[in-house]
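**Student:** What shape does this take:
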Amino acid sequence: MISAHVVRLATEYLDQCMAKQNAATLVGMHWYIDTRDKTLPLLEEFNEALKQRPTVYVQRGPNGIIFASTGTERTLTNEDMKQADSQYRNEFAAALKRIAK
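**Tutor:** I've put the predicted structure just below:
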């Protein structure tokens, strides 16, 4: 079930990154949503957020997903989510380790 709150957080993240001309990434969106809602979003929630931002495109690169103002792709896949989830968990574990020192 899609959470309207999570979709709103995802669109907020995209809007803030675009307004500040910061790189918007799928992993960054995971961080943004998890720190505010203590949850990892569903694929459907990400894709709903993208539907609400028709000028945002998905670009796949060697370092993961980047959201940009140009491109051809408009949706994320299960594989995108698996890769981003893995990268997010690794980054989270590393951050936790640094804090615990």
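
**Student:** CA atoms for contacts and neighbours, from now on please.
**Tutor:** Will do.

**Student:** which stretches of this protein form strands?
**Tutor:** Ranges of strands within the chain are 24-25, 57-61, 64-68, based on DSSP state E.

**Student:** Show me which residues of the longest helix along the chain are buried.
**Tutor:** Using DSSP state H to assign secondary structure, the helix with the most residues in the chain is helix 78-100. Burial within helix 78-100, assessed by neighbour count using 16 or more other CA atoms under 10 Å, is assigned to 81, 84, 85, 87, 88.

**Student:** okay, these in TSV with distance to residue 14 next?
**Tutor:** Below are those laid out as TSV (distance: CA to CA, whole Å):
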residue	distance to residue 14
81	17
84	16
85	18
87	19
88	17
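
**Student:** Could you single out the nearest of the residues you listed to residue 25?
**Tutor:** Distance ranking of those against residue 25, using CA to CA, places residue 84 first at 9.1 Å.

**Student:** quick one, what contacts residue 24?
**Tutor:** Applying CA atoms under 8 Å, 6 or more residues apart in numbering to residue 24 gives the contacts 13, 14, 17, 18, 66, 67, 68.

**Student:** Which neighbouring residues are in contact with the closest residue to the fifth one other than its chain neighbours, exactly?
**Tutor:** Spelled out, it's residue 66. If you skip the residues right next to it in sequence, residue 66 has residue 25 as its closest partner in space, 4.4 Å away by CA to CA, 6 or more residues apart in numbering. Under the criterion of CA under 8 Å, 6+ apart, the neighbours of residue 25 are 64, 65, 66, 67.

**Student:** ok, the third one to residue 38 distance?
**Tutor:** When CA to CA, to the nearest Å is the yardstick, residue 66 and residue 38 sit 22 Å from each other.

**Student:** So between those two, which is more surrounded?
**Tutor:** Between residue 66 and residue 38, residue 66 has the larger neighbour count (other CA atoms under 10 Å), namely 17 against 10.

**Student:** and residue 60, bridged to which residues?
**Tutor:** Partner residues in beta bridges with residue 60: residue 65, with DSSP bridges as the criterion.
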